[in-house]
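Visitor: Structure for this input, please:
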Amino acid sequence: MGSLQEEKQALRAVLRERRTEAAQASAAAAADLAERFLRAVPVGPRAEVAGYLPIGDEMDVRPLLHRLRGFGHEIALPAVVEPGAPLAFRRWREGDALADGPFGTRQPLATADELLPDLVILPLLAFDRRGYRLGYGGGYYDRTLAALRRRKNVLAVGAGYGVQEVPAVPCCRHDQVLDWIVTDREAIEPRSVA
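Guide: Purely as a prediction, here's the structure:
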């Protein structure tokens, strides 16, 4: 039997391929996700929402972020401040200048206002109906959600393709549970799953 890290690495390889196939097969996935999100996820008035800019074949949440901004919500993007530290979230509007970040990311400039989000939309490689997600292995979102949740109530929403669902994501005690998972197929609230 392999270690937890070996299990996660094997699952990452399979799910990267599955996500690539889903991204190539569905041009409407981003719009479908936005509709499902807006119908299901409770977003308070004038909320500060952290999203992300997709890398490669990650689910594109930019249409959702555009709509949320249109409803009066402030939008932020993650920024890596230092390796191993929680992410910072900096205000972002379409057209704002971006800097290169680690791992191929683009992030707001250090001069952008920092926000403390009420809702965090995050990418994933895999998810299960318990609310666990598999990311890339750096632990950035787990550290970040833990730090945010010590300060305030924060809703964490994983965004992906329906084919990224697995029966059970290998997890350990530091893995943060998502409040919602929204895909091109459905919106899942793990608390409501029997």
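Visitor: So Glu189 sits against Trp180, correct?
Guide: Yes. Using Cβ atoms under 8 Å, Glu189 makes contact with Trp180 at a distance of 5.6 Å. C-betas here are computed from N, CA, C, even on glycine.
Visitor: Could you check which of these two has the larger neighbour count?
Guide: Taking neighbours as other Cβ atoms under 10 Å, Glu189 and Trp180 compare with Trp180 leading, 23 against 17.
Visitor: Phi and psi next, for the more buried one.
Guide: Main-chain torsions, Trp180, degrees, to the nearest 10: phi -140, psi 150.
Visitor: cool, Thr183 as well?
Guide: Torsion angles, degrees, to the nearest 10, at Thr183: phi -120, psi -180.
Visitor: Let the chain start at 741 from now.
Guide: Got it, first residue is 741 now, which makes that one Thr923.
Visitor: Verify the contact between it and Gly902 for me.
Guide: Yes. Under the criterion of Cβ under 8 Å, Thr923 makes contact with Gly902 at 4.3 Å.
Visitor: Show me where this structure dips below the pLDDT cut-off.
Guide: Counting by pLDDT under 70, the chain has low-confidence residues at 741-742, 932-934.
Visitor: how about the helices in it?
Guide: Taking DSSP state H as the test, the helices found in the chain are 744-765, 769-780, 802-810, 880-891.
Visitor: in the protein, which residue is closest to the centre?
Guide: By Cα atoms, centre = their mean, the chain has its centre lying nearest to Leu862, at 0.7 Å.
Visitor: From Arg758, how far off is that residue?
Guide: As for Leu862, its distance to Arg758 is 18 Å (criterion: Cβ to Cβ, to the nearest Å).
Visitor: With Ala769 instead?
Guide: Taken as Cβ to Cβ, the span from Ala769 to Arg758 is 13 Å.
Visitor: Among these two, which residue is more densely surrounded?
Guide: Ala769 (20 against 17).
Visitor: wait, what's in contact with the more buried one?
Guide: Ala769 makes contact with 762-763, 799-800, 901, 924, according to Cβ atoms under 8 Å, 6 or more residues apart in numbering.
Visitor: now, the most widely separated pair of those?
Guide: Ala762 and Asp800 (12.0 Å; Cβ to Cβ).
Visitor: Strands along the protein, start to end?
Guide: For the chain, applying DSSP state E gives strands covering 788-790, 814-819, 828-831, 838-840, 846-848, 854-855, 859-863, 866-867, 873-874, 895-900, 920-923, 927-928.
Visitor: re earlier: between Ala769 and Arg758, what contacts are shared?
Guide: Common neighbours of Ala769 and Arg758 (criterion: Cβ under 8 Å, 6+ apart): Tyr901.
Visitor: Excluding residues flanking it in the chain, which one is nearest Cys829?
Guide: Small correction: residue 829 is Phe, not Cys. Closest residue to Phe829 apart from its sequence neighbours, by Cβ to Cβ, 6 or more residues apart in numbering: Ala816 at 3.9 Å.
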